[in-house]
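S.K.: Requesting a structural model of the entry that follows:
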Amino acid sequence: MKKYLAIISALFMLAACDKSSDQPEPEFKTVGLIDEIKISDIEAVSSAITEVAFVARFHGFNNQGSTFDADGKDTRVMLKVPFDAKGTTLVLPKNPPQELLGDIALDFPKGFEISNPEAKTIAFVEIACNISAQNRFSDFLYMISDSENVCYEQTYIYCDRSATVTGTGEDWWGNRTVYNLNLQRGWNVVVEKKEQQNRTVTNLMPSGMKWKQGRWIGGR
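M.R.: Next comes the predicted model:
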């Protein structure tokens, strides 16, 4: 079911990226480690936001095991803060819950070269809006830059040691994908480029990235 929902969301995101624009060619900068996320100037707010939460592994492709700690707490909600339209800051956990760490090979599609297969990672991270007491949410915030047939989307991956993911293969949906990703110990900014049926995953961020509000079809 989670894989089904993830595919639906991916199709939604691809549709949102496939639009014409007269935007000039972007400039790029290399991004890497971060310790906080600053959210402001959100475009296309479709529903009221009262709080945002930094969550992981609500949607994914591989079962990494239980995400509950010894006290029975669901550790997927790593932090939650009130939302301020003028500016909201998420200070990322330096030591995220151990229950969320999984084998790096399971957080990436098969067929790519991983320099340090012993690394542990946290992928499938989202910024959820108005998460309920039952840990359910439909809306989320994401950073994106889209132009004619090309879409860049920012995401985040935690790694417990340095590692690279490189090579050419297929993503979760069978699209041709190139990885040229450098991960360091801590929270890493990752940029996914989608162009028709091709995908590239790197640490190169284009100019013009903007915050938008999206929705998971069918909830989490």
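S.K.: CA atoms for contacts and neighbours, from now on please.
M.R.: Fine.
S.K.: Report the central residue of this structure.
M.R.: Geometric centre of the chain, nearest residue: Thr155, 3.2 Å, by Cα atoms, centre = their mean.
S.K.: quick one: contacts for that one?
M.R.: Val125, Glu126, Tyr142, Met143, Val189, Val190, Val191, Glu192 (Cα atoms under 8 Å, 6 or more residues apart in numbering).
S.K.: Who does the nearest residue to the last one once chain neighbours are set aside form a beta bridge with?
M.R.: Nearest residue to Glu192 in three dimensions, chain neighbours excluded: Val201, at 4.6 Å (Cα to Cα, 6 or more residues apart in numbering). The residues listed as beta-bridge partners of Val201 by DSSP bridges are Tyr179, Glu192.
S.K.: so Val201 touches Tyr179, yeah?
M.R.: Yes: the pair Val201 and Tyr179 qualifies as a contact (Cα atoms under 8 Å) at a distance of 4.9 Å.
S.K.: how much space between the most far-flung residue of the chain relative to its centre and Glu99?
M.R.: For the chain, the C-alpha farthest from the mean C-alpha position belongs to Asp71; by Cα atoms, centre = their mean, that distance is 27.4 Å. Here the criterion is Cα to Cα, to the nearest Å. By it, Asp71 lies 12 Å from Glu99.
S.K.: Next: Thr155.
M.R.: As for Thr155, its distance to Glu99 is 20 Å (criterion: Cα to Cα).
S.K.: just so I have it, where are all the helices in the protein?
M.R.: 2-17 (DSSP state H).
S.K.: lowest average confidence, helix or strand, in it?
M.R.: helix 2-17 (a mean of 45; mean pLDDT, DSSP states H and E).
S.K.: Pull up the distance across stretch 53-68, start to finish.
M.R.: By Cα to Cα, the extent of stretch 53-68 from end to end equals 17 Å.
S.K.: Report the buried residues of that stretch.
M.R.: Across stretch 53-68, burial judged by 16 or more other Cα atoms under 10 Å covers Ala53, Phe54, Val55, Ala56, Arg57, Phe58, His59, Gly60, Phe61, Gln64, Thr67.
S.K.: what number of residues lie near the nearest residue to the fourth one once chain neighbours are set aside?
M.R.: Leaving out its chain neighbours, the residue that sits closest to Ala56 by Cα to Cα, 6+ apart is Val125, at 4.2 Å. By other Cα atoms under 10 Å, the residues close to Val125 number 18.
S.K.: contacting residues around Phe197?
M.R.: That one is not Phe; residue 197 is Gln. Contacts of Gln197 by Cα under 8 Å, 6+ apart are Asn175, Arg176.
S.K.: what's it sitting at in phi/psi?
M.R.: Main-chain torsions, Gln197, degrees, to the nearest 10: phi -100, psi 10.
S.K.: what about the protein, any weak spots by pLDDT?
M.R.: 1-24, 44, 62-64, 217-220 (pLDDT under 70).
S.K.: hang on, isn't Val150 packed against Asn198?
M.R.: No: Val150 is beyond contact range of Asn198, at 9.8 Å (criterion: Cα under 8 Å).
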